[in-house]
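Chemist: Give me a 3D structure for the following:
(one chain, ligands or ions: 1)
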Amino acid sequence: MSNQTATASVGEQMRNDPAIASAIETIVERVRAHASQITDIRPANPDLKVSYDDLLERSAAVKGRGLLYPTLSSGAGNGALVEMADGSVKWDMITGIGVHFMGHAHPEVIRAQASAAIEDTTKHGNLQSSFAAYEFGEKLVRLAQRNSRLKHAFMTTSGAMANESALKVCYQKHFPASRVLAFKHCFMGRSVTMAQIGDSHAGREGIPLSTQVDYMPFWNEVAVEKVGGATKFIDHCVWRLQQYIDRYPKMHACFIFELVQGEGGFNLGNRDFFRALMECCRANNIAVWDDEIQSFGRTERMFAYEMYDLGEFVDVFCVGKMTQACATMWTEEYNPKAGLLSGTFTGAGVDFAVGSALLDHLASSDYYGPDGRFAAHHRAFRDQVRGLMDRHPDWFGEALFTKELVGGVGGMMRFTPFGGDKAKIAKLCKVAYDEGVILFYCGHGPYHVRMLPPLPVMKMEDWPRVFAVLERAMAKVASED
Ligand SMILES: Cc1ncc(COP(=O)(O)O)c(C=O)c1O
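Modeler: From the prediction side, this is the model:
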């Protein structure tokens with residue numbers, strides 16, 4: 001048995017070890033030195049082509065189908081530029097669908113990763129964990145509490161799992177209510193239940209339906225104009241909600257609000273619209289559940305509920321993607337009974353370390369507000385799209401249900417060329433990839449080009465460079481007509 005004479009735990013001594021701290025700084029410095037060679041897009045290195053094709057084939061064999069994009073990264077990148085294993089470098093305008101918000105090889109991320117790597121184990125769990133997991137949760141709760149009643153957090157490994165926990169919290173609180181209200185075009189993840197709630201046929205094809213979902217219209221400027229203005233649209237939606245409530249009295253456990261729709265098309269809402277529906281939920285004892293897994297951190301405020309000034313209504317909340325570790329949060333009244341939420345893993349140490357570093361970074365930044373840097377980037381993005389529209393009006397036909405062909409907010413950016421035609425937008429994504437920009441699409445028809453760029457590392461002067469590549473790609477797609 002060893003004598004305990006030191007005043008600090010061995011773990012603390014290790015974390016404060018100057019030799020380890022210096023080794024971590026060396027890692028950060030060396031990674032940055034390598035990364036700084038990456039300064040612009042470039043084509044694949046022909047010498048690497050054969051081995052890269054082999055990696056793609058092996059990946060497809062494991063997966064059972066070819067990869068959507070031929071992307072296998074090399075493990076290196078610099079800011080908004082990412083290197084692939086074939087030596088090509090591309091502008092990363094989608095960041096793994098919103099995960100790498102701090103871009104590639106950011107020193108704060110490398111430092112957090114390296115620091116987490118010295119711990120004795122990789123994963124934290126509900127039975128055994130260091131404080132890292134709870135420190136991450138504590139930071140989230142503190143930030144959320146600035147403008148909401150959210151009080152507790154349960155950490156988990158994916159957005160879908162965070163949503164599963166949110167649904168359980170709502171069900172338990174409102175037992176025996178078993179129905180769910182959701183917006184048209186919502187997306188909630190790929191678990192059996194979330195696939196049923198998500199409003200996409202392909203996502204639930206072949207899945208037995210066991211969850212009863214009532215769908216509500218989402219805010220849409222074209223529909224608002226058609227019915228004769230915002231008040232009429234809102235009144236109509238509240239009437240529809242009330243109809244569901246009257247049809248199934250006390251049977252709705254929650255209404256899931258995705259305040260800025262992600263997969264559904266980067267659709268923005270409206271404060272009065274959301275507020276009217278949330279008030280109706282409150283009056284009928286239906287939980288207001290806010291899924292900000294895609295939008296968190298990216299809009300003009302850290303939380304989308306802050307952007308709409310709706311924090312007081314939020315009962316249950318989910319976050320993920322850019323936070324690396326995911327979490328379900330809830331208010332005092334929604335604290336579930338012991339036993340409802342658990343699981344072997346809450347996440348890996350590196351997730352909590354990087355997630356905490358990201359939260360600190362966002363909280364101490366000048367990113368938010370109408371004059372913040374994210375709003376400025378969004379304006380630069382729109383200017384670039386409008387430039388494309390002016391130069392090539394023939395690439396931009398009308399798109400159904402879409403008032404503006406450029407949209408989104410902050411770091412959620414979309415535009416709608418080629419009338420929102422699915423095949424053409426998908427083709428554009430592929431051609432743009434080959435040309436040197438990684439994009440994706442969103443929406444269910446019309447389809448939009450979607451960007452979730454790493455705004456903290458983007459420079460204003462990057463936008464014309466990104467759009468020069470995009471313009472080449474669009475010209476290729478247009479010329480194929
Ligand atoms: C709004 C929303 N909720 C839930 C999810 C599911 O998250 P995950 O893919 O991490 O399970 C996503 C993912 O795109 C999302 O955008």
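
Chemist: quick one: secondary structure of the closest residue to F257 other than its chain neighbours?
Modeler: In space, F257 comes closest to D290 once its chain neighbours are excluded; the distance is 5.1 Å by C-beta to C-beta, 6 or more residues apart in numbering. All C-beta spots, glycine's among them, are computed from the backbone N, C-alpha and C. Three-state assignment for D290 (DSSP: H, G, I helix; E, B strand; the rest coil): strand.

Chemist: For D290, give me its contacts.
Modeler: Counting by C-beta atoms under 8 Å, 6 or more residues apart in numbering, D290 touches F257, E258, L259, A304, Y305, V314, V316, F317, C318.

Chemist: filter the residues you listed down to the ones close to the ligand.
Modeler: E258 (C-beta under 6 Å from any ligand atom).

Chemist: Point out the ones among the contacts of D290 that are inside helices.
Modeler: Here DSSP state H is the test, and the contacts of D290 give A304, Y305 as lying in helices.

Chemist: would you turn the contacts of D290 into CSV with neighbour count?
Modeler: Formatted as CSV, the contacts of D290 follow (neighbours: other C-beta atoms under 10 Å):
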residue, neighbour count
F257, 29
E258, 27
L259, 23
A304, 28
Y305, 27
V314, 25
V316, 25
F317, 29
C318, 30
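
Chemist: of all the contacts of D290, which two lie farthest apart?
Modeler: A304 and V316 (14.5 Å; C-beta to C-beta).

Chemist: and stretch 416-427, which residues are buried?
Modeler: T416, P417, F418, G419, G420, D421, K424, I425, K427 (16 or more other C-beta atoms under 10 Å).

Chemist: now stretch 228-243
Modeler: Buried, per 16+ other C-beta under 10 Å, within stretch 228-243: F233, I234, C237, V238, L241.

Chemist: likewise stretch 258-274?
Modeler: Buried positions in stretch 258-274, judged by neighbour count with 16+ other C-beta under 10 Å: 258-270, 273-274.

Chemist: Neighbours of the residue of the stretch 1-150 of the chain found nearest the ligand, how many?
Modeler: Residue of the stretch 1-150 of the chain nearest the ligand, by C-beta to the nearest ligand atom: I97 (5.9 Å). By other C-beta atoms under 10 Å, 14 other residues sit near I97.

Chemist: That one touches K321, doesn't it?
Modeler: Yes: using C-beta atoms under 8 Å, I97 is in contact with K321, at 7.3 Å.

Chemist: overlap in contacts of the two?
Modeler: In contact with both I97 and K321: Q294, using C-beta under 8 Å, 6+ apart.

Chemist: ok, what's across the strand from the closest residue to the ligand within the stretch 351-481 of the chain?
Modeler: Residue nearest to the ligand within the stretch 351-481 of the chain: C442 (9.5 Å; C-beta to the nearest ligand atom). Applying DSSP bridges to C442 gives these bridge partners: H448.

Chemist: That one contacts R414, doesn't it?
Modeler: Yes: the criterion here is C-beta under 8 Å, and C442 meets it with R414 at 6.4 Å.

Chemist: Can you tell me which residue sits nearest the middle of the protein?
Modeler: Centroid check for the chain by C-alpha atoms, centre = their mean gives Q294 as the closest residue, at 2.4 Å.

Chemist: Return the backbone torsion pair for the nearest residue to that one once chain neighbours are set aside.
Modeler: Sequence neighbours aside, G262 is the residue nearest to Q294 in space, at 3.4 Å (criterion: C-beta to C-beta, 6+ apart). The phi/psi pair for G262 (degrees, to the nearest 10) reads phi -90, psi -90.
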